[in-house]
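Peer 1: okay, sequence plus prediction incoming.
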Amino acid sequence: MEITDKKRILIVDDSFYMRTMLKNMLLDAGYDVVGEAPDGKTAIQMAKDKIPDLVTLDVILPDNTGLDVLKGIKQDNPDIKVVIVSAVGQEVIMNEAAEYGALQYIIKPFSEDKVLEALQQAFKED
């Protein structure tokens, strides 16, 4: 499925493999991947510099929690949409993520359909 106005996405995950897999999936679906960040500090800076439409964000990062990064991104630019993509599926963390502004929460392992569906939902919530 091709997207006409290319949405710009920043991928944040400490795993190179996961970033590459998400990147390929998103590029194939017609999204524009504007950056990849392996840690929270880089993620917040890249979100500030590149102002993506959406950030896919892992909860477990080497230097920070994804929830802190989510707060940092939303503080700098509340219009950036955030979708959590994490192996951590605890309800308390999922609720906190929603409270801080995450629009969707995808639990790893995931299917390509699940990711693309979550992104479409997030973009509908304008």
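Peer 2: Perfect, I can see it now. This one's a predicted model, so the numbers in the text were calculated from it and none came from an experiment.
Peer 1: so the residue positioned nearest the centre of the chain bridges to which residues?
Peer 2: The C-alpha lying nearest the average C-alpha coordinate of the chain belongs to T56 (CA atoms, centre = their mean; 1.0 Å). For T56, the beta-bridge partners are I11, V83 (DSSP bridges).
Peer 1: give me every residue that touches it.
Peer 2: T56 is in contact with 9-13, 22, 83-85, 115, counting by CB atoms under 8 Å, 6 or more residues apart in numbering. Every residue, glycine included, has its C-beta placed from N, CA and C.
Peer 1: and with 6 Å instead?
Peer 2: 11, 22, 83, 85 (CB atoms under 6 Å, 6 or more residues apart in numbering).
Peer 1: A helix includes R19, no?
Peer 2: Yes. Assessed with DSSP: H, G, I helix; E, B strand; the rest coil, R19 lies in a helix.
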